[in-house]
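Engineer: Turn this into a structure:
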Amino acid sequence: MKFCIQVSNPKFQNNIEITDKSLSDAIESSFPLNTENAILTWNYISIPLSYKYDISYMMDDILNMLYSLCNKESGEMEIHWLPDTFRCDWKIQWKENEVKIYSHWECTVGYLENLLNKFSYLILSKNEFVSEWKELLHMVIKALKNCRYDEKKIKDMSRLLNIYYDIKETGKMYI
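Structural biologist: Residues are numbered from 1 along each chain as shown. Next comes the predicted model:
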């Protein structure tokens, strides 16, 4: 598969962290350090993403990206993914139902940057790309709810839920 996201079966924590105010902090608190990773596949290359650190740091950018793709017929944006183990830049362009992503990879788990930079370009349908994120959002929501976080306690949790419900289809692994 050119692009897909496998959510795996991570463990969740059971307790709310009272000091958490941001979505990113709540996600980080919801997952233990040693649990299964999500796997993002880019041009048939599998990249592990830690829920505790990678996904929690990426969530604001993921939500901004998905909101733009779902609500604007065409556009362009750049994302500078910041986690140490998923450090890359994406330039995303879309119009009608096509998404083009130009990437530059700097650091990944497993030192895959050279290989990823050889295959740094991706074109797929907007619906196909957006739907791949739905199960990942669902897993994050389950973890947050398991820890008893809600929209009153965590800023942007309602945004996460709204974007999740706006995505109509799930990725190809979850159909």
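Engineer: Got phi/psi on the residue nearest the centre of the chain?
Structural biologist: In the chain, the residue lying closest to the centroid (CA atoms, centre = their mean) is Ile62, at 5.2 Å. Taking degrees, to the nearest 10, you get phi -60, psi -50 for the backbone angles of Ile62.
Engineer: Okay, now the unreliable bits of this protein?
Structural biologist: For the chain, applying pLDDT under 70 flags no range at all.
Engineer: how about the strands in it?
Structural biologist: Counting by DSSP state E, the chain has strands at residues 3-6, 38-42, 45-49, 74-81, 86-95, 98-108, 121-125.
Engineer: one step back: quick one: the residue nearest to the residue nearest to the centre of the chain when sequence neighbours are not counted and Gln13, what's the gap?
Structural biologist: Distance criterion CB to CB, 6 or more residues apart in numbering; nearest residue to Ile62, sequence neighbours excluded, is Trp133 at 6.6 Å. C-beta here means a position set from N, CA and C on the backbone, and glycine is covered the same way. Trp133 sits 23 Å away from Gln13, going by CB to CB, to the nearest Å.
Engineer: which one of the two has more residues nearby?
Structural biologist: Taking other CB atoms under 10 Å, Trp133 and Gln13 do not tie; Trp133 has more neighbours (21 against 16).
Engineer: which residues does the more buried one contact?
Structural biologist: Going by CB atoms under 8 Å, 6 or more residues apart in numbering, Trp133 touches 5, 62, 66, 167, 171.
Engineer: surely the fourth one meets Ser131?
Structural biologist: It stands for Ile167. Yes - between Ile167 and Ser131 there is a contact under CB atoms under 8 Å: 6.3 Å.
Engineer: is it true that Leu137 touches Leu160?
Structural biologist: Yes - when contacts are counted by CB under 8 Å, Leu137 is listed as touching Leu160 (6.6 Å).
Engineer: thinking again about what came up before, just list the residues touching the residue nearest to the centre of the chain, thanks.
Structural biologist: Ile62 makes contacts with 133, 136-137, as judged by CB under 8 Å, 6+ apart.
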